[in-house]
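**Student:** heads up, no residue letters with this:
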């Protein structure tokens, strides 16, 4: 690093000296030709980035946990902050500077380096979102479908199953050939380790890049993490691969950005966040979407996460992100406490572009289900008065219970699309009217297992679902489904 | 006022290094605190300021315009302190400890070619062999023996190898 520092000094012929240090922020003199966002090197080996230019002072952020001493020399690099990108990153856990976090397996040198702060591609490179992004979670795929290239905010309280859902979506997409990028932003080391472990357990680690900026990293490093994740995603997109990016979570990112802004005496706005907080999130998420690349169509599907304390989804950052993204999935802590898995509230969740990716049958199912569940919710309110219930109400409530069992994914990770449609046909056609709850769970589990393991059953299910254009047709086809064939 | 500026410039021209700048600045701070007892000025200057600056400073405070006018003196000292603090720094990494003669020679060149408001900051770096790394107002240039040798080895690698082998 010392040699590199000297090389840059000689090459560029400019030098700066650290004048003042405030946490991650460094104020320096000198560096007359430095540009905003340019990467700089400190004599002691740390890397920094220019965040502000004054008349005689340059404001920098230091990405190292180690503070730099006053008087330390600084060299310009004449290029923006870059991270290494390439196939070599697959299966690795990196920090926001693109360095491996496992000292026993450093990353091999990559051919390419990319600036972390790229300009989002323009309208000419963008395509209409027309393919579905299957998550393997029946409730989402049926009621709130996502499209490849969609930006769907995931919000909810702590411990409401958000991470489980994100990992399932990642798993499902990687199984379909996409590349996964999971950014752990400002979480504890244990949470980061759990994500890593879950990805390994799913057996998809070789197709996933994990970017970790844990809570004990400096604010500068944490606020850099989502940009690195997006830069890695853009590399794979440019290779013609679909990518799913999880940014877990952006509320912590916003807090770290606020910390740096307040330390730098930037004027505080609402909730003390700087005025450009909306801009930086919008600019980041604008880098996702469906694109045309030299290698064909490719999409970056982005799932940013926000934590909502006590289910309050009206917070500043939450509402900002709701307006930036193409919809949101709300994880309700009350539903979670009631035992719903996933605890997504379908009435408070939104998908803006996902429905255009669905087939007519899927659209009809989604619309029918939402209407039915809304009616059932009203019936619940009516039933809570203790009124004597008519047969049709009892029947509707029983059907709702069965639908909820169809959506329940406590035990299994991923439900393939055709199995979801088959199960819906069975539920909607009242084929399970006489089944007990436990019995139903076992049966659903067996169907999923048989679909994954037995080719004949796989073909049979595909045959039932294929070519159906309406719920009526689907229910008719599933009415003859032989439960014995699952055995 | 013009006379004051002249005095300040004459003091600044005598400050050669960062160390001297600090000594003089500290002495001026002490003078500011003793502004009501101008009789102590001579003592402070004698004990705190490097010898070659002390004469000039003593001469300045003999000026009739400053003598007996506390307000003027206070203003003058304030301006002097600010001006000394704002002096530009020329950093030199050199491979030896410079003697007084070396410092004088370098300083007179700097005062003549760059300006009288420049102080020298010497850093010792034996690895450069000879010459200097020069840093001024964010600009950096290396004129060292080490760099020259490296360039020769890089340029004439083949010829050197042929001579040795």
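**Tutor:** That came through fine. Just so you know, these numbers come straight off a predicted model, no measurement behind them.
**Student:** and the pLDDT for residue B:111?
**Tutor:** pLDDT recorded at residue B:111 is 88.
**Student:** and for the one 3 residues further on?
**Tutor:** In the predicted model, residue B:114 carries a pLDDT score of 91.
**Student:** distance of it from residue B:107?
**Tutor:** Per C-beta to C-beta, to the nearest Å, residue B:114 is found 10 Å from residue B:107. All C-beta spots, glycine's among them, are computed from the backbone N, C-alpha and C.
**Student:** between those two, which has more neighbouring residues?
**Tutor:** residue B:107 (21 against 13; other C-beta atoms under 10 Å in any protein chain shown).
**Student:** the more buried one reaches residue B:121, doesn't it?
**Tutor:** No. Contact criterion C-beta atoms under 8 Å: residue B:107 and residue B:121 do not qualify, at 11.9 Å.
**Student:** overlap in contacts of these two?
**Tutor:** Common contacts of residue B:107 and residue B:121 (C-beta atoms under 8 Å, 6 or more residues apart in numbering or on different chains): residue B:17.
**Student:** and the helices in chain B, which stretches?
**Tutor:** For chain B, the helices defined by DSSP state H cover B:2-14, B:18-33, B:41-48, B:51-61, B:70-85, B:100-113, B:145-155, B:157-164.
**Student:** out of those helices, which is closest to residue A:268?
**Tutor:** Nearest to residue A:268 among the helices of chain B is helix B:70-85 (31.9 Å), distances taken as C-beta to C-beta.
**Student:** and the pLDDT for residue A:399?
**Tutor:** At residue A:399, pLDDT is 88.
**Student:** count of residues packed around it?
**Tutor:** Around residue A:399 there are 17 residues (other C-beta under 10 Å).
**Student:** what of residue A:229?
**Tutor:** 30.
**Student:** now the one 10 residues further on
**Tutor:** Using other C-beta under 10 Å as the criterion, residue A:239 is surrounded by 17 other residues.
**Student:** you'd agree it is up against residue A:295?
**Tutor:** Yes. Using C-beta under 8 Å, residue A:239 is in contact with residue A:295, at 5.9 Å.
**Student:** low-scoring pLDDT stretches of chain A, where are they?
**Tutor:** Residue ranges of chain A with pLDDT under 70: A:1-3, A:386-387, A:411-412.
**Student:** pull the longest strand from it.
**Tutor:** strand A:296-307 (DSSP state E).
**Student:** buried sites along that one?
**Tutor:** Of the residues in strand A:296-307, those with enough neighbours to count as buried (16 or more other C-beta atoms under 10 Å in any protein chain shown) are A:297, A:298, A:299, A:300, A:301, A:302, A:303, A:304, A:305, A:306, A:307.
**Student:** give me the helices and strands touching that strand, please.
**Tutor:** Applying 3 or more C-beta pairs under 8 Å, 6 or more residues apart in numbering or on different chains; DSSP states H and E, we find strand A:296-307 packed against strand A:153-156, helix A:162-175, helix A:219-238, strand A:243-248, helix A:250-263, helix A:277-285, strand A:289-293, helix A:316-324.
**Student:** residues from chain A in reach of chain B?
**Tutor:** For chain A, the residues in contact with chain B (C-beta under 8 Å from any C-beta of the partner chain) are A:9, A:10, A:12, A:13, A:14, A:15, A:16, A:29, A:30, A:31, A:32, A:33.
**Student:** are stretch B:8-21 and chain A in contact anywhere?
**Tutor:** No. Stretch B:8-21 stays clear of chain A (C-beta under 8 Å from any C-beta), getting no nearer than 11.2 Å.
**Student:** which outside residues touch stretch A:352-367?
**Tutor:** A:128-133, A:142-148, A:150, A:152, A:326-327, A:421, A:424, A:468-471, A:473-474.
**Student:** again, only this time at 7 Å
**Tutor:** Contact partners of stretch A:352-367, identified using C-beta atoms under 7 Å, 6 or more residues apart in numbering or on different chains, comprise A:129-132, A:142-147, A:150, A:326-327, A:424, A:468-471, A:474.
**Student:** repeat that for stretch A:43-57.
**Tutor:** By C-beta under 7 Å, 6+ apart, the list of residues contacting stretch A:43-57 reads A:1, A:5, A:19, A:26-29, A:34-42, A:58-64, A:66, A:68, A:72-73, A:81, A:97, A:264.
**Student:** list only buried entries from these.
**Tutor:** A:5, A:26-29, A:34, A:38-42, A:58-64, A:68, A:72-73, A:81, A:97, A:264.
**Student:** for chain B, what is the nearest residue in chain A?
**Tutor:** residue A:30 (3.4 Å; C-beta to the nearest C-beta).
**Student:** could you report the neighbour count for that residue?
**Tutor:** 25.
**Student:** okay, and the beta partners of it?
**Tutor:** residue A:16 (DSSP bridges).
**Student:** is it true that it touches residue A:12?
**Tutor:** No. Counting by C-beta atoms under 7 Å, residue A:30 sits too far from residue A:12 to count as a contact (11.7 Å).
**Student:** so for residue B:32, what's the pLDDT?
**Tutor:** 88.
**Student:** next one: the nearest residue to it once chain neighbours are set aside from chain A, what distance?
**Tutor:** Once flanking residues are discounted, residue B:32 sits nearest to residue B:77: 4.8 Å by C-beta to C-beta, 6 or more residues apart in numbering or on different chains. Noted for residue B:77: a distance of 24 Å to chain A, by C-beta to the nearest C-beta, to the nearest Å.
**Student:** burial count for residue A:119?
**Tutor:** When neighbours are counted by other C-beta under 10 Å, residue A:119 comes out with 9.
**Student:** again with the one 4 residues further on
**Tutor:** Residue crowding around residue A:123 was assessed by other C-beta under 10 Å; the count is 5.
**Student:** can you give me phi and psi for it?
**Tutor:** phi -60, psi -30 (degrees, to the nearest 10).
**Student:** what about it, distance to residue A:11?
**Tutor:** 38 Å.
**Student:** same question for residue B:83.
**Tutor:** Distance from residue B:83 to residue A:11, by C-beta to C-beta: 36 Å.
**Student:** higher neighbour count, the two?
**Tutor:** residue B:83 (16 against 13).
**Student:** not counting sequence-adjacent ones, nearest residue to residue 65?
**Tutor:** Looking at chain A here, since you left the chain open. The nearest residue in space to residue A:65 (C-beta to C-beta, 6+ apart) is residue A:218, at 5.8 Å.
**Student:** not quite, I wanted chain B
**Tutor:** Residue B:65's closest residue in space is residue B:3 (C-beta to C-beta, 6+ apart), at 6.2 Å.
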